[in-house]
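Engineer: Sequence plus predicted model, see below.
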Amino acid sequence: MVRKLFVFALLFAIAGCKKDKKAEGNSITAITSFNIPADSVKLDPFGNAPLSALLKYNSTAAGHTEIVVEGQDGDASSITQDFNDSGLSHAIPIVGLYPDYNNIVDVYLVNSGGTKLARAVLNIKTAPLPQGMPNYIHIDNYDYADMEPGMNLVSNLSNYPAVPDMPYIIDNYGKMRWYLYFANNPDLKQLFYDCGINRLQNGNYFFADRASAKIYEIDILGKILHTWTFPGYDFHHNVIEKPNGNFLITVDKHGSTNTEGVTTYEDYVLEIDRNSNQILNEWDLKQSLDEHRRSLSTDPSDWIHCNGLTYDASDNTIIVSGRVQGVVKLTADNRVKWILGPHKGWGKNRRGEDLNQFLLTPLDASGNKIADTSIIQGYTNRPDFEWNWYQHCPIIMPTNGDLMLFDNGGPRNFNPSSPLYSRAVEYKIDPVNMTVQQKWEYGKERGQDTYSMIISSVQYLKEKNHVLFCPGFYVPIPTGNTQGGKIIEVDYATKNLIYQVSVGAPSTFGWHRVYRMPIYPNNNSYNNSQSSTP
């Protein structure tokens with residue numbers, strides 16, 4: 001078999017092209033050559049993802065594409081990606097470019113036997129970051145050999161309250177490698193996504209927006225693929241994807257009032273059908289919980305402040321975090337299964353059910369019921385048990401079905417003068433015996449160094465058995481004379497610190513959520529008209 005070396009020729013003269021404000025300074029050139037048209041590489045092709053590009057080319061021999069975005073911090077910081085694009089026509093998304101930099105991208109045509117037939121070297125010049133992005137990023141601790149693979153997808157709030165929100169991905173060296181910028185997009189120029197952005201099962205990203213009251217699906221190049229609406233409601237905080245592809249979303253309902261006629265908000269959950277955009281279910285939390293409980297808030301309108309959701313496929317229930325009430329598990333017909341939180345102040349719901357029957361009884365480390373009423377009510381703690389306070393980001397542990405959450409800690413024990421610390425905390429819940437036992441925690445020992453009164457997230461990292469603990473508001477940064485957030489990876493078994501990066505923000509807001517994930521989705525193909533079905 002005779003091998004042919006295909007030389008890529010990409011000669012671009014775009015210095016005089018018209019560009020929008022954010023793209024000023026962008027240019028693309030290439031060295032070595034393959035005879036393809038000059039517009040085969042387009043930086044930020046859809047105007048929303050400035051550190052991405054789309055490469056389109058035709059080859060005279062069948063093969064698939066492999067690219068390497070060369071890193072600034074050695075081979076470990078390079079991004080290598082194979083694509084399922086076998087054939088003669090190729091459309092390749094390039095992501096992971098650095099801002100304000102002449103990026104080097106190696107492009108290979110590879111045959112079915114794995115032999116590299118041709119190579120091109122692209123030079124892609126990007127523009128600086130826009131205003132409002134983090135003003136300081138510092139790697140405090142690292143053990144790169146033991147880290148969970150991937151990069152950090154950050155639901156950035158560093159420009160809060162300015163809009164649009166600008167989510168980004170930073171690599172493990174603290175370098176910006178991807179972000180979304182919708183200032184020039186008519187639909188999303190006011191984007192405020194609250195808890196933020198995550199990845200769908202199909203590899204695309206999704207988020208909801210308060211301003212437009214829609215759910216959006218976009219690809220890694222920033223192309224908007226699909227939207228979902230929910231007339232009669234407004235979005236706040238969290239949207240998640242169920243295993244069947246439908247969406248669960250926290251909303252305000254227009255015209256909602258309590259029994260005294262006071263307007264209420266942040267107290268509904270919807271399920272939206274992915275394919276039909278129909279609302280399949282509505283949970284009115286005033287029906288299932290006690291809208292008059294004022295143990296942690298005196299505001300009759302924002303009486304629960306739903307800030308997080310998760311879905312339990314084991315029994316088809318939802319778990320809702322209400323910042324000033326606790327965590328509740330609800331059936332599909334809006335019936336309470338259990339309530340996790342201090343026992344102080346619970347009464348009846350609108351159905352007349354006494355909610356005290358659903359409160360979980362705490363256990364000590366040995367599995368014995370705690371009898372001390374001051375602990376049960378929430379006024380004091382034990383070394384082996386504390387309740388959750390102002391919690392965010394409930395997740396179900398894939399290893400054992402336990403519940404983990406970010407326990408913000410304020411005002412802990414109903415006391416504004418209580419010590420300031422936040423925790424990642426894991427609870428084992430027995431729904432038959434209605435008990436809860438604290439199984440694991442991290443963060444208390446860090447004190448104010450990782451205290452975040454609001455927002456913030458946790459993630460279980462299954463490959464390494466680590467936990468990502470991410471306090472995101474007004475967290476002191478060790479150098480830089482600023483505040484923001486910290487991304488902290490700890491070993492679940494030993495609680496050893498594996499990695500920590502401090503991110504300073506002009507607004508003192510870092511983020512609502514952070515997720516470790518690969519920068520490319522696992523389904524490594526690309527189609528400009530990708531389906532939005534799960």
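Structural biologist: Arrived safely.
Engineer: Correct me if wrong: residue 104 contacts residue 126.
Structural biologist: No. Applying CB atoms under 8 Å as the test, residue 104 and residue 126 come out as separate, 12.0 Å apart. Bear in mind the C-beta positions are built from the backbone N, C-alpha and C, glycine included.
Engineer: which of the two has more neighbours?
Structural biologist: residue 126 (23 against 16; other CB atoms under 10 Å).
Engineer: what about that one, distance to residue 152?
Structural biologist: 20 Å (CB to CB, to the nearest Å).
Engineer: shared neighbours of residue 104 and residue 126, anything?
Structural biologist: Residues within reach of residue 104 and of residue 126 at once, by CB atoms under 8 Å, 6 or more residues apart in numbering: there are none.
Engineer: Give me the pLDDT value at residue 522.
Structural biologist: We note a pLDDT of 80 for residue 522 in this prediction.
Engineer: Next, the contact list for it, please.
Structural biologist: Contacts of residue 522 by CB under 8 Å, 6+ apart are residue 203.
Engineer: in the stretch 301-450 of the chain, which spans are helices?
Structural biologist: 373-377 (DSSP state H, counting those that start in this stretch).
Engineer: low-scoring pLDDT stretches of it, where are they?
Structural biologist: For the stretch 301-450 of the chain, no stretch has pLDDT under 70.
Engineer: Tell me which stretches of it form strands.
Structural biologist: Secondary structure of the stretch 301-450 of the chain (DSSP state E, counting those that start in this stretch): strands at 306-312, 317-322, 326-330, 336-340, 361-363, 392-396, 403-407, 423-430, 435-442.
Engineer: The second one: how far from the chain's middle?
Structural biologist: Strand 317-322 has its average C-alpha position 18 Å from the chain's average C-alpha position, going by CA atoms, centre = their mean, to the nearest Å.
Engineer: Show me the strands paired with it, marking each as parallel or antiparallel.
Structural biologist: strand 306-312 (antiparallel), strand 326-330 (antiparallel) (DSSP bridges).
Engineer: could I get that strand in PDB with only the CA atoms?
Structural biologist: Extracted in PDB, the C-alpha atoms of strand 317-322 (Å, rounded to 0.1, in the frame of the first residue of the first chain):
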ATOM      1  CA  THR A 317     -38.800  10.900  43.900                       C
ATOM      2  CA  ILE A 318     -37.300  14.400  43.900                       C
ATOM      3  CA  ILE A 319     -35.100  15.800  46.600                       C
ATOM      4  CA  VAL A 320     -35.400  19.600  47.100                       C
ATOM      5  CA  SER A 321     -33.100  21.900  49.000                       C
ATOM      6  CA  GLY A 322     -35.000  24.800  50.500                       C
END
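Engineer: these two touch, right, residue 142 and residue 172?
Structural biologist: Yes. Counting by CB under 8 Å, residue 172 is a contact partner of residue 142 at 7.1 Å.
Engineer: helices or strands up against the host helix or strand of residue 93?
Structural biologist: Element membership for residue 93 (DSSP states H and E) is strand 87-95. With contacts taken as 3 or more CB pairs under 8 Å, 6 or more residues apart in numbering; DSSP states H and E, strand 87-95 sits against strand 52-69.
Engineer: Residue 486 and residue 450 touch, don't they?
Structural biologist: Yes. Contact criterion CB under 8 Å: residue 486 and residue 450 qualify, at 6.0 Å.
Engineer: Which residues are in contact with each of these two?
Structural biologist: Counting by CB under 8 Å, 6+ apart, the residues touching both residue 486 and residue 450 are 471, 475.
Engineer: Now mean neighbour count too, for the strands of the stretch 301-450 of the chain, in CSV please.
Structural biologist: Converted to CSV, the strands of the stretch 301-450 of the chain look like this (neighbours: other CB atoms under 10 Å):
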stretch, mean neighbour count
strand 306-312, 21
strand 317-322, 24
strand 326-330, 23
strand 336-340, 21
strand 361-363, 20
strand 392-396, 22
strand 403-407, 25
strand 423-430, 22
strand 435-442, 20
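Engineer: will you turn these into JSON lines that also has distance to residue 265?
Structural biologist: Listed next are the strands of the stretch 301-450 of the chain as JSON lines, based on distance: least, CB to CB, whole Å:
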{"stretch": "strand 306-312", "distance to residue 265": "10"}
{"stretch": "strand 317-322", "distance to residue 265": "12"}
{"stretch": "strand 326-330", "distance to residue 265": "18"}
{"stretch": "strand 336-340", "distance to residue 265": "21"}
{"stretch": "strand 361-363", "distance to residue 265": "31"}
{"stretch": "strand 392-396", "distance to residue 265": "18"}
{"stretch": "strand 403-407", "distance to residue 265": "23"}
{"stretch": "strand 423-430", "distance to residue 265": "28"}
{"stretch": "strand 435-442", "distance to residue 265": "29"}
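Engineer: so which of those gets nearest residue 55?
Structural biologist: Evaluated with CB to CB, these place strand 392-396 nearest to residue 55, the distance being 36.7 Å.
Engineer: outside of the closest one, which residues touch it?
Structural biologist: By CB under 8 Å, 6+ apart, the list of residues contacting strand 392-396 reads 195, 307-310, 312, 319-321, 323, 327, 402-406, 408, 454-460, 512-513.
Engineer: 6 Å - rerun?
Structural biologist: Strand 392-396 has contacts (CB atoms under 6 Å, 6 or more residues apart in numbering) with 307-308, 310, 319, 321, 327, 404-406, 456-458.
Engineer: can you put those in TSV and add distance to residue 220?
Structural biologist: As requested, the contacts of strand 392-396 are arranged in TSV below (distance: CB to CB, whole Å):
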residue	distance to residue 220
307	27
308	25
310	25
319	30
321	29
327	33
404	28
405	29
406	27
456	26
457	21
458	25
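Engineer: And the furthest pair within those residues?
Structural biologist: Farthest pair in the contacts of strand 392-396, by CB to CB: 319 and 456, 17.4 Å.
Engineer: quick check: domain ranges of the protein?
Structural biologist: 6-125, 230-454 (automatic domain parsing).
Engineer: Centre of the chain to the longest one, how far?
Structural biologist: If you compare the mean C-alpha spot of domain 230-454 with that of the full chain, they lie 19 Å apart, counting by CA atoms, centre = their mean.
Engineer: mind checking pLDDT for residue 57?
Structural biologist: The predicted local confidence for residue 57 is 91.
Engineer: Residue 411 versus that one, what's the distance?
Structural biologist: 59 Å.
Engineer: So for those two, which residue has more residues nearby?
Structural biologist: residue 57 (22 against 15).
Engineer: Who does that one form a beta bridge with?
Structural biologist: residue 90.
Engineer: just for this structure, where's the confidence low?
Structural biologist: 1-38, 523-534.
Engineer: Determine which of the strands paired with strand 317-322 approaches residue 282 most closely.
Structural biologist: strand 326-330 (11.7 Å).
Engineer: number of nearby residues for the closest residue to residue 117 other than its chain neighbours?
Structural biologist: Nearest residue to residue 117, sequence neighbours excluded (CB to CB, 6 or more residues apart in numbering): residue 109, at 4.7 Å. As a burial measure, residue 109 scores 25 neighbours (other CB under 10 Å).
Engineer: Restrict the one helix or strand residue 109 maps to to CA atoms and write it as CSV.
Structural biologist: In this structure, residue 109 sits in strand 102-110 according to DSSP H and E. Below are the C-alpha coordinates for strand 102-110, written out as CSV (Å, rounded to 0.1, in the frame of the first residue of the first chain):
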residue,chain,number,x,y,z
ASN,A,102,-1.3,32.4,19.3
ASN,A,103,-2.5,28.9,19.9
ILE,A,104,-0.8,26.0,18.1
VAL,A,105,-3.1,23.1,17.1
ASP,A,106,-1.8,20.0,15.4
VAL,A,107,-4.3,18.3,13.1
TYR,A,108,-3.8,14.7,12.0
LEU,A,109,-5.6,12.6,9.4
VAL,A,110,-5.5,9.0,10.7
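Engineer: which element follows it toward the C-terminus?
Structural biologist: That would be, after strand 102-110 and using DSSP H and E, strand 116-125.
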